[in-house]
Each structure stands twice: as structure tokens, then as C-alpha cells.
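# Provided below are the primary sequence and the corresponding predicted coordinates.
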Amino acid sequence: MKSGALTSVKLPADWSVETILPINYQGRELMLEAHAYRGETDEEQLLVLIHRDPKATAASASVPVVRVHSGCVTGDIFHSLRCDCYQQLQAALKIITEAPYGIIVYVPYHEGRGIGLFKKIQAYALQDQGLDTVEANIEVGAPIDSRDYELTARVLRDLGISEIKLLSNNPAKEQALKVHGIRIVERLPIVIVPNKFNKRYLETKRARMAHKL
């Protein structure tokens with residue numbers, strides 16, 4: 001794993017841009033800070049949405065609640081029941097918009113734990129034949145999890161954030177952010193009730209990838 005403190009990378013001079021993004025969430029109009037970033041390649045782009053409660057005290061808003069969410073076309077957009085991505089994203093939105101200081105880092109190039117949409121669907125087809133999500137990734141010649149969090153850590157530091165409350169069930173994500181210099185003050189669970197389509201998937205994440213479900 002690369003270390004953000006030791007690796008020298010060439011980032012675009014205009015690697016970030018920001019605006020205000022109004023969203024409709026559960027019938028509420030919310031105004032979120034939107035920061036877009038890009039890394040060394042065109043594929044490495046991510047979006048940071050920030051909610052700040054104007055009534056919050058400086059002490060309560062000193063450490064943000066942060067969800068680093070891997071993009072999932074099938075789940076986030078089409079509400080697939082084969083994963084828990086849509087439910088996690090909606091739960092994260094609720095938590096960060098109710099927190100004094102909440103952030104979602106949305107990483108679209110992390111699709112399928114970093115293998116991309118095409119190979120993810122290939123892996124789904126193999127799961128239809130009885131393989132679990134780990135076995136299917138290996139069968140299509142992909143890593144079990146190829147996500148890298150170096151750019152995420154750089155972005156957080158660019159925003160002046162060095163410590164967070166991490167909204168995640170994944171200890172590997174927590175460890176990766178620590179390696180890249182982000183202090184995890186607390187890991188907050190984001191547990192979703194399984195359905196008949198994703199029950200085995202969630203059990204595999206718990207049993208074979210150490211997710212705290």
C-alpha cells in the first residue's frame with residue numbers, strides 16, 4: 001500500500017473546484033458545499049459534500065463525521081438489492097446532514113471495490129452460478145478489493161481535515177486512511193438489514209473480509 005507521506009505524485013494545477021449544491025433529501029431542501037477533485041488520471045475524480053450546522057458550537061463541530069462511499073451504479077442509481085450500497089448511502093446522508101459537521105466523500109472510480117462496472121457484472125454472473133463475491137472476483141482475474149485511499153486522504157488534508165469520525169463497517173478502509181495520515185477518532189457502524197438477494201453477500205463481507213456487521 002502506498003503511503004501518502006512518502007509518495008510523490010503530480011497533481012493537476014487546477015485539481016479542485018467548489019460550489020454550493022442544493023439537494024432534495026426526504027422532502028427537505030439542503031444546501032451542501034460541493035468540492036470536486038481529480039487525481040493523476042482522468043478516472044481519479046471524487047466529490048466531497050459537506051454539511052455544516054450553522055447552530056453548532058465550535059466544539060461539537062470540530063471533528064467531522066465522514067462517509068467515504070464507493071460509487072455503485074447498480075445500487076446508488078438503480079437501487080439494486082444485490083448489495084447494500086444504496087441503503088448505506090441513504091443512511092449516510094441522514095447521519096451527515098443531522099451531524100454538526102458531516103461529510104460524504106463519493107468515489108465513483110471505486111465501482112465494484114475498484115474492479116469497475118463490467119467486471120462487477122461478470123462477477124455477478126458467476127455468483128448466479130454459486131460463487132460468493134470473493135470467489136467471483138478471483139475468477140474474473142480481479143483483486144478481492146483494489147481500492148486505494150491515497151487521493152481521499154489528500155483531499156481531506158486539503159480541506160484542513162486530519163482527524164475524523166469514520167462512518168464505515170470496513171476495518172481495511174479505516175486502516176488505509178490511517179496509513180495515509182488521517183486519524184480515526186471513532187469508527188461509527190452503518191449496518192443495513194439484509195434482504196433475500198444480498199444476505200449471502202453481506203455474510204461473505206463479514207466472514208471473509210472482516211466487515212463489522
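Looks like it arrived, so ask away. Numbering: from 1, shown residues only.

# please make it C-alpha for all contacts and neighbour counts, starting now.
Noted.

# how about the helices in this structure?
Secondary structure of the chain (DSSP state H): helices located at 85-98, 111-114, 117-128, 133-139, 150-158, 171-179, 199-209.

# quick one, which of those is packed in tightest?
Per residue and on average, the most neighbours among those fall to helix 111-114, with a mean of 21 (mean count of other Cα atoms under 10 Å).

# what sits against the residue nearest the centre of the chain?
Taking Cα atoms, centre = their mean, the centroid of the chain lies closest to residue 69, which sits 1.7 Å from it. Counting by Cα atoms under 8 Å, 6 or more residues apart in numbering, residue 69 touches 89, 104, 105, 106, 107.

# out of the helices of the chain, which comes closest to residue 34?
Minimum separation from residue 34 across the helices of the chain (Cα to Cα) falls at helix 150-158, 12.5 Å.

# what sits up against stretch 15-34?
Applying Cα under 8 Å, 6+ apart, the contact partners of stretch 15-34 are 35, 36, 37, 38, 39, 47, 48, 49, 50, 51, 52.

# quick one on the thing from earlier: quick one: the residue nearest to the centre of the chain from residue 167, how far?
9 Å (Cα to Cα, to the nearest Å).

# and residue 123, by the same measure?
Distance from residue 123 to residue 167, counting by Cα to Cα: 27 Å.

# again with residue 51
15 Å.

# residue 128 too?
Applying Cα to Cα, the value for residue 128 to residue 167 is 30 Å.

# and for residue 183?
13 Å.

# which of these two has more neighbours?
The neighbour comparison of residue 183 against residue 167 (other Cα atoms under 10 Å) goes to residue 167, with 23 against 17.

# Provide a list of residues in contact with the more buried one.
65, 66, 67, 68, 92, 187, 188, 189, 190.

# what's across from the third one in the sheet?
The reference is to residue 67. residue 104 (DSSP bridges).

# need the contact list for it.
By Cα under 8 Å, 6+ apart, the residues touching residue 67 are 92, 103, 104, 105, 166, 167, 168.
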